[in-house]
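Peer 1: my questions concern the predicted model and sequence given below.
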Amino acid sequence: MKRIIVIGVGAQGSTIAKRLNDHPGVSEIICADYERKAAEALSSSLNKATALKLDASDVNNVIRAAKGCDLIVNGLPLDFNLLVMEAALAVNASYFDMAGPMEDIGFVESYKLLFSEWHEKFKAKGLTAFVGAGSSPGLANIMAREAVEKMDRCETISIYVFENVLTRRFTPFWWSPEVAFWDMAYQTFRFENGKHVTDRPFSRPIRMKLRGIDREVRMVDHEHDEPITMGLLADNVLKGVKNVEFKYGGFGVKLSELFHRMGLLSDKPVDVDGTKIVPMDLILKLCPPAPKYPDELKAIINDGVVAEEAAFLVRVEGYKDENPIQIDSYAMGPGLVEAFETSGLSHEAYLTGQCASVFVKMLVDDAFTEKGVFVPEQLEADAREYCVRNLADLGVTIDETQQQKSLYSRDCRKNGAKRQQGALHRTKQDARTPSIA
């Protein structure tokens with residue numbers, strides 16, 4: 001029986017806690033959050049949980065809160081990752097999060113640090129740290145690894161996420177606007193010809209047709225974990241992949257790009273009639289927060305859902321028996337209305353939270369017992385099968401198609417020709433819509 005602390009009980013953290021509450025191998029769940037109301041609201045609905053108000057900015061607070069726990073689930077912003085990992089080592093607990101750290105040393109360098117120094121720290125204590133494990137990153141990495149295993153060598157991995165869930169009540173993001181806008185404004189990363197490359201925000205736009213959407217949609221490069229970790233692990237687990245990219249599209253991207261062009265996503269103060277104002281601070285002050293509680297989601301849905309459009313596609317290109325091959329995989333999960341009706345969550349919170357809950361369950365069930373720091377693409381076949389099977393039980397499924405290619409060309413890939421598409425459903429009656437972390 002395992003004792004677990006969930007730090008940060010927002011949409012994803014609360015979803016994980018609810019799943020753990022039903023697990024026979026879990027004896028106690030500590031629901032810890034800076035906002036006491038959130039911790040108490042969640043714990044009161046669970047029979048194995050207790051609430052704790054926690055200021056996680058001080059590592060000693062985290063150590064005291066996590067003492068005696070077997071596993072720490074970190075649902076906090078990325079800035080807290082290494083601090084919480086330090087606490088995990090101090091109390092001899094394993095560790096889990098849904099996105100890797102972004103320290104001042106740089107995104108690539110932060111992951112290099114995890115795979116070297118932090119890996120050895122956890123391994124030496126006989127502990128497991130599983131990082132970057134939500135839907136994307138997380139499920140996307142497993143989908144890519146599954147496809148790569150069907151090839152002799154891998155050339156390119158492309159992850160395309162399109163989200164265009166529109167409601168009459170202005171809801172620009174279904175997760176933290178602060179995280180979303182800062183991610184949008186940050187430089188992009190890709191793995192190109194065997195090297196990590198940085199670029200400006202919203203770079204390398206393409207237009208592509210996705211199944212179920214009656215028009216071509218615009219996709220741009222976006223700062224994300226997958227090109228970082230897959231590039232670092234290219235030769236170890238991805239058969240020498242040379243190129244990895246993450247592209248994002250939809251209403252939130254369009255809105256952010258317009259703000260970026262106007263300078264509104266800048267953290268540099270500007271003078272407005274003698275008053276210094278940081279544009280990003282103003283945007284975050286005025287932007288409505290993502291809906292957090294069921295009554296908020298219900299009110300938004302009751303006001304009216306205009307459209308539910310989305311796609312979550314992982315495309316892998318490589319060679320099998322010296323013949324070019326392309327494997328397209330896409331993930332499906334409930335859309336906004338269905339997710340709320342079945343779980344009281346938004347579509348985004350459902351997919352990310354359920355994926356994360358399965359990865360955590362994998363650790364509780366000892367379906368993955370390697371010691372050190374790991375990311376999802378490092379899971380071997382049995383652990384990947386465990387995750388896919390358990391996700392299917394929660395209504396999150398993966399479809400895969402293969403095609404032999406008579407001519408292999410990245411130029412063809414770039415212009416969006418003959419793209420196998422992720423799926424979407426736009427009606428309230430059938431709204432199984434993919435989403436992201």
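Peer 2: Alright, I've got the coordinates.

Peer 1: F173 against L284, yeah?
Peer 2: No: taking CB atoms under 8 Å as the contact criterion, F173 and L284 are not neighbours in contact, 11.1 Å apart. Glycine gets a C-beta too; all of them are placed from N, C-alpha and C.

Peer 1: of those two, which one has the most company?
Peer 2: Set F173 next to L284 and count neighbours by other CB atoms under 10 Å: F173 wins out with 22 against 16.

Peer 1: you'd agree that one is in a helix?
Peer 2: No: counting by DSSP: H, G, I helix; E, B strand; the rest coil, one finds F173 to be coil, located in no helix.

Peer 1: how about the residue lying closest to it once chain neighbours are set aside, secondary structure?
Peer 2: In space, and not counting its chain neighbours, F173 is closest to A180: 4.5 Å by CB to CB, 6 or more residues apart in numbering. Each residue gets one of three states, and A180 gets helix by three-state DSSP.

Peer 1: how near is A180 to V6?
Peer 2: Separation of A180 from V6 (CB to CB, to the nearest Å): 22 Å.

Peer 1: same question, D221
Peer 2: If you go by CB to CB, the gap between D221 and V6 works out to 33 Å.

Peer 1: so those two - more neighbours on which side?
Peer 2: Neighbour comparison, D221 and V6: the larger count goes to V6, with 31 against 23 (by other CB under 10 Å).

Peer 1: ok, the more buried one - contacts?
Peer 2: For V6, the contacting residues are 13-14, 16-17, 20, 29-32, 73, 75, taking CB atoms under 8 Å, 6 or more residues apart in numbering as the criterion.

Peer 1: in helices, which of these fall?
Peer 2: Restricting these to those inside helices, with DSSP state H as the criterion, leaves 13-14, 16-17, 20.

Peer 1: surely L89 is within a strand?
Peer 2: No: secondary structure assignment (three-state DSSP) places L89 in helix, not in a strand.

Peer 1: read off the pLDDT value for it.
Peer 2: Predicted confidence (pLDDT) at L89: the value is 98.

Peer 1: do K292 as well
Peer 2: K292 is given a pLDDT of 77.

Peer 1: cool, and A437?
Peer 2: 34.

Peer 1: and for F80?
Peer 2: For F80, the pLDDT comes out at 94.

Peer 1: give me the number of residues near it?
Peer 2: For F80, the number of neighbouring residues by other CB under 10 Å comes to 20.

Peer 1: distance of it from R200?
Peer 2: Counting by CB to CB, the gap from F80 to R200 is 28 Å.

Peer 1: ok, which stretches of the stretch 201-350 of the chain are strands?
Peer 2: Listed in chain order, the strands of the stretch 201-350 of the chain (DSSP state E, counting those that start in this stretch) span residues 206-209, 216-221, 243-250, 270-272, 275-277, 305-320, 323-332.

Peer 1: and the stretch 1-150 of the chain, by the same measure?
Peer 2: Remark: strands of the stretch 1-150 of the chain, listed N- to C-terminal, are 2-7, 26-33, 49-53, 71-74, 94-97, 128-130; assignment by DSSP E, counting those that start in this stretch.

Peer 1: those into CSV, with extra columns for distance to E338 and mean pLDDT?
Peer 2: Supplementary listing: the strands of the stretch 1-150 of the chain in CSV, determined by distance: least, CB to CB, whole Å; pLDDT from 0 to 100:
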stretch, distance to E338, mean pLDDT
strand 2-7, 25, 97
strand 26-33, 26, 97
strand 49-53, 26, 97
strand 71-74, 26, 98
strand 94-97, 27, 98
strand 128-130, 28, 98
